[in-house]
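Participant: Quick one, what's the 3D model for this:
(chains A and B)
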Amino acid sequence: MTQIRPASSEQPWAAPEEEPIVRIDKVTKTFGSTYAVDEISLNIHRGEFFSLLGASGCGKTTLLRMLGGFETPTSGRIYIDGQDVTDVPPYLRPINMMFQSYALFPHMNVAQNIAFGLKQERMPSALIRERVAEVMALVQIEKLATRKPHQLSGGQRQRVALARALAKQPKILLLDEPLGALDKKLREHTQFELVNIQERLGITFIIVTHDQEEAMTMSSRIALMHDGRIEQVDAPRRMYEFPATRYAASFIGSVNLFNGHVVSHENDMVLIHSEEAGSDLLVHHSQPLNPGMEVTVAIRPEKIAVRDHHGDDPNSIHGIIQEIAYLGDVSIYHVELPSGKRVQFTQSNVLALAEQPLTWGQEVALNWNAYSCGVLTQ
Amino acid sequence: MLKRYPLLFALLFLGYAFLYLPIFSLIIYSFNESRLVTVWGGFSTKWYGELINNGPLLDAAWLSIKIAALNASIAVVLGTLAALTLVRLRGIRGHKSLGVMVTAPLVMPEIIIGLSLLLLFVAMEDLIGWPAGRGQTTILLAHVTFSMAYVTVIVQSRLAHMDTSIEEAALDLGARPVKVFFAITLPMIAPALAAGWLLAFTLSMDDLVIASFVSGPGSTTLPMVVYSSVRLGVSPQINALATIIIAVVSTAVLIAGVTMYRKELKAQRKS
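Facilitator: Numbering: from 1, shown residues only, chains lettered A, B, ... in the order given. Prediction:
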């Protein structure tokens, strides 16, 4: 997984004294008896590229629609730039939204679509023309000004929708699955562009996506949602390396989970006994854990190394290779441990046409570093 | 094509013949010299001449057109409002029963609609003095009552298939709800409104049963005149009148088609 955004030192969420641009305060939304959003509190800061990530039905779109003003929270308040906007209608909010279906006005051409929002502000027409030309240049659709939406390709429509939402220079831009309808190649290209545009304009972007790779690539921070609640809010790298819950660990990337119980906890090192792993596991963990506690150890497939002999030291397991998936850049190996538990690990294919050192049915010894895995208690 | 699918083309031809042969025979017989509708007596335009001098028939035709146009316009407004309520206000109480009640005239026999409206109008005249007597007003009211149901159904299906996020996008861009309706919703459902207007016009234009119940002296619509004259033998004047109506309608359709085609071409050339 690549990350476009440079790991800058600028982390507005780490500065609690600054007023966040969006403050969601214990917001709940129910439809009938189901909780779409269940008492969520969240702060989003100026200039962030914030992702609401989750499987379909987790409430991420409902939360976004409440920010846009299309749904009213059942309880809780929403503040934008310090102002309570919970009951403010969408046409008075300093927010614009790019809809999943793009929602272009079919009876207007591209330029008219983009100018629509500016016309509502009763901006002089010369200024409107100037601004429309500006945003069309920004998303590179100058040549499409007189086309109607039905004469555009999916990628072009996406750009028009983005230009239309940016034209009013909102404080916050909401994007509902902005790349969902594009094919893979175009999606990757557009991810970079979105980040570039966001950095150039400095507008806060809040994006809803179910695609973890998309969220990882573009965001400054991700809120992982599950069943109307937030599982974890973190920067992409921390989200991947230090998942807070079992759900977070398995939703983002692949992970091997071993259930076990705590044997001892000394000097930030936890010793865990796991029947599944068939070995004692040693994990770096600074929060206190009581001996006997049931925990789960999470280890990513790429952190597991192959070694030539099986030892008795912690974090050492062995098993038989059952399946190999060759993906080009890496190969994924599925190993069955003596306990019956299946473990995945990956290896980079460094040399082309090199003789595969590992093959089906072969016994392998594996181990990993105590600092590369994590302990999950939830 | 023709050689490969002879049966298909024969069926197509039969289908067209079934639809248009009666209309062609009607047009041809409007130029018939003979007074008998079924016997060809040579070419003549004399029935058109007589038609121009037939005051009652022309009056009836004019009245029918007036009522039909007015009816269509009112039905489109009311039908659209009903459709909006049915599609957009799903949460309100009585939503389902409103849906059933609005569209009930679609399945109600005309005789029953006509009779019940007549009884209503008589009772209302007794109670509040309006509508005074039966005439154009009562025919119009009766026609609006049932043609509105058709408009509702047409507009409702268009609204139901419309992506609501388009209207939300307009709200999001700063347009107030009223503005959204006129700038976005209305243009998007315009084809349905046009279709509804035309259908309501046609329904009113050829309604005989309901109009017979609720009309009064001095307000005889075209179908009523035609129907009563048929009992005395159809005059070829009726053929002439029908031919004129067909000519007007097909010209209008042709012009609309050509205009739309040209517009489309222009848009394509531009891009």
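
Participant: For chain B, see how far away residue A:202 is.
Facilitator: Separation of residue A:202 from chain B (CB to the nearest CB, to the nearest Å): 21 Å. All C-beta spots, glycine's among them, are computed from the backbone N, C-alpha and C.

Participant: mind checking the SS state of the nearest residue to that residue once chain neighbours are set aside?
Facilitator: Excluding the flanking residues, the one nearest residue A:202 by CB to CB, 6 or more residues apart in numbering or on different chains is residue A:47, at 5.5 Å. Following DSSP: H, G, I helix; E, B strand; the rest coil, the label given to residue A:47 is coil.

Participant: Let me know the pLDDT of residue A:47.
Facilitator: pLDDT recorded at residue A:47 is 90.

Participant: try residue A:39
Facilitator: 93.

Participant: Setting aside sequence neighbours, what's the nearest residue to residue B:220?
Facilitator: Distance criterion CB to CB, 6+ apart; nearest residue to residue B:220, sequence neighbours excluded, is residue B:60 at 5.2 Å.

Participant: Touching, the residue nearest to residue A:202 and residue A:206? I think so.
Facilitator: No: with contacts counted by CB atoms under 8 Å, residue A:47 stays clear of residue A:206, the gap being 11.9 Å.

Participant: Compare neighbour counts for those two and give me the winner.
Facilitator: residue A:206 (25 against 16; other CB atoms under 10 Å in any protein chain shown).

Participant: picking up where we left off before, phi first, then psi, for the residue nearest to residue A:202.
Facilitator: The phi and psi values for residue A:47, taken as degrees, to the nearest 10, are phi 80, psi 10.

Participant: and what of residue A:226?
Facilitator: Backbone torsions of residue A:226, given as degrees, to the nearest 10, read phi -150, psi 120.

Participant: same thing with residue A:37?
Facilitator: Torsion angles at residue A:37 (phi, psi; degrees, to the nearest 10) stand at phi -130, psi 130.

Participant: Can you give me every residue that contacts it?
Facilitator: A:27-29, A:59, A:62-63, A:66, A:73, A:228 (CB atoms under 8 Å, 6 or more residues apart in numbering or on different chains).

Participant: now those in JSON lines, with distance to chain B?
Facilitator: Shown next, in JSON lines, are the contacts of residue A:37 (distance: CB to the nearest CB, whole Å):
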{"residue": "A:27", "distance to chain B": "19"}
{"residue": "A:28", "distance to chain B": "19"}
{"residue": "A:29", "distance to chain B": "15"}
{"residue": "A:59", "distance to chain B": "18"}
{"residue": "A:62", "distance to chain B": "14"}
{"residue": "A:63", "distance to chain B": "16"}
{"residue": "A:66", "distance to chain B": "13"}
{"residue": "A:73", "distance to chain B": "17"}
{"residue": "A:228", "distance to chain B": "22"}
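
Participant: could you pull out the helices for the chain?
Facilitator: Using chain A here. A:60-68, A:110-120, A:125-138, A:154-166, A:184-201, A:212-218, A:236-241, A:246-251 (DSSP state H).

Participant: wait, chain B
Facilitator: B:6-29, B:46-53, B:55-88, B:95-103, B:110-128, B:136-160, B:164-172, B:177-180, B:186-205, B:209-214, B:222-230, B:236-270.

Participant: With residue A:91 as the reference, name the closest of these.
Facilitator: Closest approach to residue A:91 among these is made by helix B:164-172 (5.2 Å; CB to CB).

Participant: touching chain A at all, that closest one?
Facilitator: Yes: Helix B:164-172 lies within reach of chain A by CB under 8 Å from any CB of the partner chain, at B:165-166, B:168-172.

Participant: just checking, the residue nearest to residue B:220 touches residue B:228?
Facilitator: No: Residue B:60 is not in contact with residue B:228 according to CB under 8 Å; the separation is 10.0 Å.

Participant: Look at those two and report which has more neighbours.
Facilitator: More crowded of residue B:60 and residue B:228, by other CB under 10 Å: residue B:60, with 20 against 11.

Participant: contacting residues for that one?
Facilitator: By CB under 8 Å, 6+ apart, the residues touching residue B:60 are B:220-222, B:224-225.

Participant: which one among the residues you listed gets closest to residue A:140?
Facilitator: residue B:222 (60.6 Å).

Participant: mind checking how far that closest one is from residue B:176?
Facilitator: Residue B:222 sits 45 Å away from residue B:176, going by CB to CB, to the nearest Å.

Participant: Can you list the buried residues in stretch A:235-250?
Facilitator: Using 16 or more other CB atoms under 10 Å in any protein chain shown as the test for burial, stretch A:235-250 gives A:235-236, A:239-240, A:243-249.
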